[in-house]
Every structure is written in structure tokens, then in C-alpha cells.
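Asker: output the structure for:
(chains A and B)
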Amino acid sequence: MSYLSPVPRTCLVVDDSRVVRKVATRILEQLHFEAAEACDGLEALAYCRALMPEAILLDWTMPGMDGLEFLKRLRREPGGDKPVVIFCTVENEPQRIAQALEHGADEYIMKPFDGDILESKFAEAGLL
Amino acid sequence: MRPVDVDFIRAIAQRRAGLAMEGDRLYFVESRLTPIARREGAATVRALVDTMRAAPEERLEIAVTEALAAGDSQFFRDRTVFARLRDWLEQGAADQPLRVLCVGCGAGQEAYSIALTADRDEVEVVGLDLCSDLIEKARSGLYTQFEVQRGLPIRSLLAHFEKQDEAWRVSPRLRQRVRFERANLVEGLIDVGRFDLVLCRYVLPALTEGARHVAVQALSARLAPAGQLVLSPGETAEIPGLHIVDEAMGWHAAGRSAKTGAAAAA
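Answerer: Alright, predicted model coming up:
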């Protein structure tokens, strides 16, 4: 990397599917984010305690701690109000979406998603 | 499909809607016309073209032209333009009625985006497009999960759409402020009245120079006094009675610019 390049920003991808994490990581790198991965809420929380990422792409249903529980806890952590949190889940019922927003999600992606949708939502959340 | 078939189709689209269609568009034409060929029971697109050549039919020529003109669309395309539109729409008195014309509205995303930007009942939006299929979809206000995730903030989706099975429908309240009509820009616009704001984005570049001229005349004739005309980003046109406000946004306004006025006075 050239010293002129800006420091890449980090997006933590939290999803129990390895395939989804890989797909998301590839898209995020095209958007000039450095991607980190966690496979459930607990692992994600440990990551955030060590180093708060700028953005979090968050699945809902995961074994162990689910996405909503993670979000509630994250927002109570020191500095936990900072990361932009974008849900990325198959949950697409309006009540569920409203619940995620009430607990501090900034944007929301309904799976399946592609690069266009991810880019659109990141722009919407002020990340691009 | 042979190049001569493409030329035949190209000539129809140009005559009927002023579509320019330059360069090698064989694959594009073939893919757009395949559904029509299937519907008409033609074995291939080439067979469809043969039929049209042997026995010209207005119905088929219109169908073919519409299929070629159909544009892709998304909500709030060009974020900065919509931020500027919000400012403009909000600067007037809150109870002042405003009419907005959205030309080349496709499946309706842009027209609904305008209605969402000016979320009050006094703002009326009219969407026009050449393609009857797209107008029908726009009127239904029904979008796939993919479509509502391109450009639309999640809070707008929750507030203004209702989930229907796996799709999302624009709420009745929003839908009643937006109406859609089929219109052909180069045949002269249907009488839809005058407008304070006219958007015609990503339309003119697809037209021949002659058609573009006719279209611009038709659009400026629809402007109310002090009306605004917004073309594609970076697209400007020399239009009598209008001046350029912001070139990057393709934004024009009726009347002389302050600069031109001063020069004329001196």
C-alpha cells in the first residue's frame, strides 16, 4: 500500500455462514473496507471490545448469541454507539425490521443481497 | 438475427420514438425482442422481424419500440440531486401546491422518490414513460425485495410500503399523490398541464439529435413560470427562456440567470 492511501476502514462481518462472510468480504474490499469476520454475537463482542470497527454487517439468526442480542449489548459498551450497524438477514417482516431499528441498527439488508444492494445501503448509512 | 434485421428494427424505433441506438446492438436488440417473439409465437427474433417486414403492424412496431426503450431505474438515483431537490421543494410555503413531472419514469421509482422527498399532500407528481408495461408496474406500486433495496432507505420502506408476500407495495397514501401516464416525448406530450419542476433524467442521451430537440421543446413548454428543469447529471441544453443553474446536476431554471441579466442591462 502506498503511504498516500488512506488508512482502510474496518467492517466486521458477523455471520455463521462461511460462504456469506466470504461473499461480503469480497464486496467490502471493493468498497475499500478491510473486512474482519466473526461467526456469532459472542465472537463479535470480543472483537469489538479489543478494537471497535467503523462498521458492522450483522446477521440475525446465529447459534450462540444472535444478532439482536449482540446489538443490544454493543450499544451499552464504551464506544459501542460509534459503529454503523447494518443488519443483513433473511428476516424480512416489518415488525422484525422495526425491532432492529429500535435497538440501534442504522440500516437493514434483506437477504439475498448483491454488491449493488450492499453499496446502496453503505451509502445510505453514510459510510461511502 | 442478422445485421440487416437490426437495422430494420432500429429504423422503427427511431421513427416511432426517436431512439438513437448506435453501434453494435445486436445482442441487446435480440434479448429485448425475445419475449415479444415468444408471445407472438415466432420461433426466433429473426422470424418475428420477417413477419413484421412482410406485413407491417402498428401494434408490433409499438411493442418492439417500447421493449427497446425500457430503462432500468432505482429509488433516489443520484443522492446529491435528491438532496438539492429536497431543499428546493422545501423552500416554498408549506401549503403551496406544487406540480412535479417525471419524464421517463420507468417503473415509477423516481416519481415515488420525489413524492417521498416532498412528503405533503399539496405536492402532486405525474410520471410519464413510453413503455406501457413499466407504466402498469408503476401504477401498481409493487416492487420486488431487490428493487426496494436499491436506493431506498430502510426507514422509508417501513414508513411508506406494505409487505405483500415477498414483495412490497407503496402505501395507498403515497400512491394517491402520484399518477402515471403513457406518453411519447417525440410525438408531442399529452396534455398534463404545467409543472413547477420537470425531471427528465437518463432519457435524452438515448435519442437522436432531432428527437432531443423536439423533446426539450416539449418539456420547456410544460414549465410553469419560474419552473425548474432537471436533466441527467452533467447534461445541459441551450433552451430559449431557460438558464443553467447547476451543470453537474443538469439543473435549469426558467428566466434569465442573474449574470446574463446584468450583462444584458450593461
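
Asker: what's the burial count for residue 20?
Answerer: In the absence of a named chain, chain A is used. Residues within reach of residue A:20, counting by other C-beta atoms under 10 Å in any protein chain shown, total 18. (Glycine included, C-beta is placed from N, CA and C.)

Asker: correction: the question concerned chain B.
Answerer: For residue B:20, using other C-beta under 10 Å, the count is 17.

Asker: same check on residue B:1?
Answerer: Residue B:1: 20 neighbours (other C-beta under 10 Å).

Asker: contacts only, for it.
Answerer: In this structure, residue B:1 makes contact with B:26, B:29, B:30, B:44, B:45, B:46, B:49, judged by C-beta atoms under 8 Å, 6 or more residues apart in numbering or on different chains.

Asker: please, where are all the helices along chain A?
Answerer: Under the criterion DSSP state H, helices of chain A are mapped to A:18-30, A:41-50, A:67-76, A:94-102, A:115-124.

Asker: dump these into CSV; add distance to chain B and mean pLDDT as well.
Answerer: Shown next, in CSV, are those (distance: least, C-beta to the nearest C-beta, whole Å; pLDDT from 0 to 100):
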stretch, distance to chain B, mean pLDDT
helix A:18-30, 14, 97
helix A:41-50, 21, 98
helix A:67-76, 14, 98
helix A:94-102, 6, 98
helix A:115-124, 5, 96
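
Asker: now those in CSV, with distance to residue B:156?
Answerer: Shown next, in CSV, are these (distance: least, C-beta to C-beta, whole Å):
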stretch, distance to residue B:156
helix A:18-30, 23
helix A:41-50, 28
helix A:67-76, 21
helix A:94-102, 12
helix A:115-124, 10
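
Asker: of all those, which lies closest to residue A:60?
Answerer: With C-beta to C-beta as the criterion, residue A:60 lies closest to helix A:67-76 of the helices of chain A, at 4.2 Å.

Asker: give me the helices and strands touching the closest one, please.
Answerer: Here helix A:67-76 touches helix A:41-50, strand A:55-58, strand A:84-89, helix A:94-102, going by 3 or more C-beta pairs under 8 Å, 6 or more residues apart in numbering or on different chains; DSSP states H and E.

Asker: quick one, that helix and helix A:41-50 angle?
Answerer: 20 degrees (axes from the mean of the first three to the mean of the last three C-alpha atoms, to 10 degrees).

Asker: in helix A:67-76, what's buried?
Answerer: A:67, A:68, A:69, A:70, A:71, A:73, A:74 (16 or more other C-beta atoms under 10 Å in any protein chain shown).

Asker: what does that helix contact?
Answerer: Applying C-beta under 8 Å, 6+ apart, the set of residues contacting helix A:67-76 is A:14, A:41-42, A:44-45, A:48, A:56, A:58-61, A:65, A:80-81, A:83, A:85, A:87, A:89, A:99-100, A:103-105.
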